[in-house]
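Enquirer: could you work out the structure for the sequence below:
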Amino acid sequence: MGGMGFTWTYLLLLLIVSLASSVKAQQLCSFFSLPPAMKEVYGEAVVHQKPAQAGEAQSARIRGAGCYVPRRGIIPARHRAHITVRGDTAADELAAILLNDFYFRVLSLRKRSWHERRLELAEFVPISEETFIKLGSRRLIKGKSGVPWFDAWWAIRMGLPQTPDRSHHLVIICLKHDYDGKKYSFGHFCFALRKRGGDAQGDVVFDFRAPWYEDRTPALIEGMNSGNKLEPITGYTANFYDWLYTQTSYRNCFVEMWFLPVSREQATVLRYFDEEIQPHDAKEFRGIRKNCASLGMAFVDRLGPISEPISLGMGLADIPTKTADRIVEERGGEFPFFQLENNTHESGREPTAKSQIHRAQPSREASRSFRKLRAAAGIN
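Expert: Okay, here's the model as predicted:
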């Protein structure tokens with residue numbers, strides 16, 4: 001019996017050694033360097049490569065990775081993550097496995113907050129699983145995808161260092177009505193990308209509206225869209241000076257603007273949306289929680305790393321004035337400010353509420369808004 005026990009123990013040890021020698025274990029960082037957001041999820045993960053059995057398809061299992069919660073951002077794993085794959089796995093195959101997991105763990109629409117899902121917005125620019133895996137694999141293995149907008153988006157959302165753009169500003173805007181000199185309202189929120197000194201043709205505003213086709217101001221019930229009679233709220237772009245001219249010379253509004261720094265990567269993504277993507281259809285408009293501030297705040301959230309908590313949905317309602325103030329305050333609060341006054345009546349017009357953009361007069365470069373902004377201190 002003693003000899004039999006020794007034999008079984010010996011055989012068990014041989015089996016354990018055999019199994020251990022058949023599993024290759026490597027640090028994930030030996031395959032490629034992860035960007036900060038992915039490193040928060042997977043940490044110092046270990047990759048275990050097991051030999052595939054005859055006729056067995058390649059498979060992968062990831063255990064112990066972190067997760068994503070919109071209100072908190074990325075929550076790192078408490079312990080070391082383990083990635084187990086069947087068969088010999090090259091770096092490009094491992095990259096695809098990891099990116100597929102990250103997409104469904106963090107980026108997919110199902111991982112967004114209730115407010116974000118209502119706005120139909122996963123990312124600032126639509127990125128499918130296929131695109132993310134294909135171009136993301138190039139980024140992990142080669143350092144660049146070869147697609148400028150994706151490389152810019154990757155740097156922003158994955159938390160990589162960005163390059164300050166000294167030639168542009170991100171302009172946070174709050175539009176307010178001028179009621180017989182009483183300049184107050186809950187306002188309208190949007191933002192713009194402006195070149196220092198002004199680019200009459202290239203400066204662009206990112207606006208968020210449900211179109212209104214009447215000259216009159218909508219009644220309260222109409223404005224809240226309780227009967228779903230308004231067209232969908234969309235995120236779209238327009239020439240900055242046409243937009244400013246329309247608001248101040250047709251719509252009886254004045255415009256408050258804060259000029260915040262922007263990175264080259266953020267400017268690249270903004271330009272890509274303007275030229276290739278817009279508009280974004282967010283479906284039906286709602287006055288409290290699905291308005292200009294809601295959609296605008298969701299866009300601004302996506303100009304920062306995915307690992308940070310989102311700002312959308314704070315408080316009881318999304319109020320344009322408070323949204324603008326919060327964005328400015330969160331980014332430091334001390335930025336150049338400029339107010340462009342209303343001159344609708346001076347232009348000899350009765351105010352209209354119609355959502356129609358008029359070409360700036362006498363031209364974009366000669367318009368009042370372009371000239372006044374070019375003369376303003378600290379923004380040129």
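
Enquirer: report how many residues lie close to Phe31.
Expert: Neighbours of Phe31 under the rule other CB atoms under 10 Å: 20. Every C-beta, even on glycine, is put in place using the N, C-alpha and C of the backbone.

Enquirer: name the nearest residue to it, sequence neighbours excluded.
Expert: Ala91 (4.8 Å; CB to CB, 6 or more residues apart in numbering).

Enquirer: so how far is Ser347 from the residue positioned nearest the centre of the chain?
Expert: Centroid-nearest residue in the chain: Arg302, 1.7 Å away (criterion: CA atoms, centre = their mean). Arg302 sits 37 Å away from Ser347, going by CB to CB, to the nearest Å.

Enquirer: least confident secondary structure element in the chain?
Expert: Lowest by mean pLDDT, DSSP states H and E among the helices and strands of the chain is helix 2-22, with a mean of 50.

Enquirer: average pLDDT for the next helix or strand after it, rounded please.
Expert: Remark: after helix 2-22, the chain's next helix or strand is strand 24-27, criterion DSSP states H and E. For strand 24-27, the mean pLDDT works out to 79.

Enquirer: after strand 24-27, next one along is what?
Expert: Downstream of strand 24-27, the next assigned helix or strand under DSSP H and E is helix 36-42.

Enquirer: on contacts alone, who are the packing partners of that next one?
Expert: Counting by 3 or more CB pairs under 8 Å, 6 or more residues apart in numbering; DSSP states H and E, the packing neighbours recorded for helix 36-42 are strand 73-75, helix 91-102.

Enquirer: and the helix or strand just after it, C-alpha only, in CSV?
Expert: Counting by DSSP H and E, the next helix or strand C-terminal to helix 36-42 is strand 46-50. This file holds the C-alpha atoms of strand 46-50, laid out as CSV (Å, rounded to 0.1, in the frame of the first residue of the first chain):
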residue,chain,number,x,y,z
VAL,A,46,-0.9,37.9,-17.2
VAL,A,47,-1.5,36.0,-20.5
HIS,A,48,-1.8,32.2,-20.2
GLN,A,49,-1.5,30.4,-23.6
LYS,A,50,-2.8,26.8,-23.5
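
Enquirer: strand 46-50 - what's its average pLDDT?
Expert: Strand 46-50 shows a mean pLDDT of 85.

Enquirer: could I get the buried residue list for stretch 152-170?
Expert: Under the neighbour-count criterion of 16 or more other CB atoms under 10 Å, stretch 152-170 has 152-159, 165, 168-170 buried.

Enquirer: could you list the residues in contact with that stretch?
Expert: Residues from elsewhere that reach stretch 152-170, judged by CB atoms under 8 Å, 6 or more residues apart in numbering: 35-38, 123-125, 127, 135-136, 139, 145, 191-196, 259-269, 272, 302-307, 379.

Enquirer: repeat the analysis, applying 7 Å as the threshold.
Expert: Here stretch 152-170 makes contact (CB atoms under 7 Å, 6 or more residues apart in numbering) with 35-38, 125, 139, 191, 193-196, 259-269, 303, 305-307, 379.

Enquirer: quick one, which of the helices and strands packed on helix 36-42 is nearest to Gly332?
Expert: Set against Gly332 and scored by CB to CB, the helices and strands packed on helix 36-42 come closest in strand 73-75, at 19.9 Å.

Enquirer: quick one, strands of the stretch 201-350 of the chain?
Expert: 204-209, 234-239, 253-260, 280-281, 337-340 (DSSP state E, counting those that start in this stretch).

Enquirer: in JSON lines, list those along with mean pLDDT and distance to Cys67.
Expert: JSON lines is the format used below for those (pLDDT from 0 to 100; distance: least, CB to CB, whole Å):
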{"stretch": "strand 204-209", "mean pLDDT": "96", "distance to Cys67": "30"}
{"stretch": "strand 234-239", "mean pLDDT": "95", "distance to Cys67": "28"}
{"stretch": "strand 253-260", "mean pLDDT": "96", "distance to Cys67": "31"}
{"stretch": "strand 280-281", "mean pLDDT": "92", "distance to Cys67": "27"}
{"stretch": "strand 337-340", "mean pLDDT": "96", "distance to Cys67": "40"}
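
Enquirer: out of those strands, the one nearest Ser294 is which?
Expert: That would be strand 204-209 among the strands of the stretch 201-350 of the chain, by CB to CB, at 8.0 Å.

Enquirer: helices or strands next to the closest one in the packing?
Expert: strand 188-195, strand 234-239, helix 240-249, helix 292-301 (3 or more CB pairs under 7 Å, 6 or more residues apart in numbering; DSSP states H and E).

Enquirer: can you add mean neighbour count, distance to Gln356 and mean pLDDT and give the helices and strands packed on helix 36-42 back as TSV?
Expert: Converted to TSV, the helices and strands packed on helix 36-42 look like this (neighbours: other CB atoms under 10 Å; distance: least, CB to CB, whole Å; pLDDT from 0 to 100):
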stretch	mean neighbour count	distance to Gln356	mean pLDDT
strand 73-75	17	40	92
helix 91-102	19	43	92
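
Enquirer: of all these, which one is nearest Phe254?
Expert: Taking CB to CB, strand 73-75 is the member of the helices and strands packed on helix 36-42 nearest to Phe254, at 36.3 Å.

Enquirer: contacting residues around the closest one?
Expert: Here strand 73-75 makes contact (CB under 7 Å, 6+ apart) with 37, 40-41, 66-69, 106, 306-309.

Enquirer: show me where the stretch 251-380 of the chain has helices.
Expert: Ranges of helices in the stretch 251-380 of the chain, per DSSP state H, counting those that start in this stretch, are 264-272, 292-301, 320-330, 368-375.

Enquirer: looking at the ones you listed, which is closest to Ala200?
Expert: Smallest distance to Ala200 across the helices of the stretch 251-380 of the chain (CB to CB): 5.8 Å, for helix 368-375.

Enquirer: list the buried residues in the closest one.
Expert: Buried residues in helix 368-375, counted by 16+ other CB under 10 Å: 368-370, 373.

Enquirer: repeat for stretch 170-180
Expert: The neighbour-count check on stretch 170-180 (16+ other CB under 10 Å) flags 170-178 as buried.
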